[in-house]
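*Asks:* Predicted model, plus sequence, below.
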Amino acid sequence: DVHLVESGGGLVQPGGSLRLSCVASGFTFSNFYMSWVRQAPAKGLEWVANINQNGGAKLYVDSVKGRFTISRDNTQNSLYLQMSSVRAEDTAVYYCARWNGYFTWGQGARVTVSS
Amino acid sequence: DIQMTQSPSTLSASIGDRVTITCRASQSMSNWLAWYQQKPGKAPQVLIYQASTLESGVPSRFSGSGSGTEFTLTISSLQPDDFATYFCQQSDSYPWTFGQGTKVDI
């Protein structure tokens, strides 16, 4: 079974930084695109970023470009999201997801941006 | 960007009802359309992908159809476990986008 476990969430001040991690198991991690998707409180879902299998291609939603960086370490079966210059509107549950024509999701990591 | 508009936003139904949720795209798109179910406090789970392909293990009462700008998710006979929120999601073009969700309650 696909298993994705996020960590690194928490409370961060506006303008601060945070790094989310996701450890994958149950599949060959290096064979798949991976994504981050977020869900603000009582709101819908928003795709944040994608990374291809070798990490050479990355795409972002406009609202996080220049502030967030997606990366991966295939030797560690791990996906990362470096969040910088965070804003109140970045408050959300952040899901790590495998892409295979559709998302398979982790359980999520809660990020709260507040002073 | 392709905007995905779901209707209705909330749907009240009873056990055994046939339920249809519609997702309309702001422009014509391919069949890269998935449907997810989300229960409170849980991550979404895929039901349908490529507009009409049922994910392995998902009950056959769920079905998807559509093309172009209009896609539908149908639950043929609503069961107690189906009370949840449903989202559509397009991966035809970036940025990938989701519908705003349809909450199915009693």
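*Replies:* Arrived safely.
*Asks:* Tell me the bridge partners for residue 105.
*Replies:* Since no chain was named, I'll use chain A. Beta bridges link residue A:105 to residue A:97, judged by DSSP bridges.
*Asks:* that's the wrong chain, I wanted chain B
*Replies:* On the basis of DSSP bridges, residue B:105 is bridged to residue B:12.
*Asks:* The residue positioned nearest the centre of chain B - nearest residue in space that isn't next to it in sequence?
*Replies:* The centroid of chain B falls nearest to residue B:35 when counting by Cα atoms, centre = their mean (3.8 Å). In space, and not counting its chain neighbours, residue B:35 is closest to residue B:48: 4.2 Å by Cβ to Cβ, 6 or more residues apart in numbering or on different chains. Glycine gets a C-beta too; all of them are placed from N, C-alpha and C.
*Asks:* I'd guessed that neighbour sits against residue B:73; true?
*Replies:* Yes - contact criterion Cβ atoms under 8 Å: residue B:48 and residue B:73 qualify, at 6.5 Å.
*Asks:* which residues are common contacts for those two?
*Replies:* By the contact definition Cβ atoms under 8 Å, 6 or more residues apart in numbering or on different chains, residue B:48 and residue B:73 are jointly contacted by B:35, B:62-64.
*Asks:* Just put those residues in a markdown table and tack on secondary structure, distance to residue B:102 and pLDDT.
*Replies:* What follows is these, written out as a markdown table (DSSP: H, G, I helix; E, B strand; the rest coil; distance: Cβ to Cβ, whole Å; pLDDT from 0 to 100):
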| residue | secondary structure | distance to residue B:102 | pLDDT |
| --- | --- | --- | --- |
| B:35 | strand | 10 | 98 |
| B:62 | strand | 14 | 98 |
| B:63 | strand | 16 | 98 |
| B:64 | strand | 14 | 98 |
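*Asks:* Just put those residues in a markdown table and tack on distance to residue A:37.
*Replies:* Formatted as a markdown table, the shared contacts of residue B:48 and residue B:73 follow (distance: Cβ to Cβ, whole Å):
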| residue | distance to residue A:37 |
| --- | --- |
| B:35 | 15 |
| B:62 | 21 |
| B:63 | 25 |
| B:64 | 20 |
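*Asks:* who's in contact with the residue nearest to the centre of chain B?
*Replies:* Contacts for residue B:35 (Cβ under 8 Å, 6+ apart) come out as B:23, B:46-49, B:62, B:64, B:73, B:86-89.
*Asks:* quick revisit: farthest-separated two in the shared contacts of residue B:48 and residue B:73?
*Replies:* Largest separation among the shared contacts of residue B:48 and residue B:73 by Cβ to Cβ: B:35 and B:63, giving 9.7 Å.
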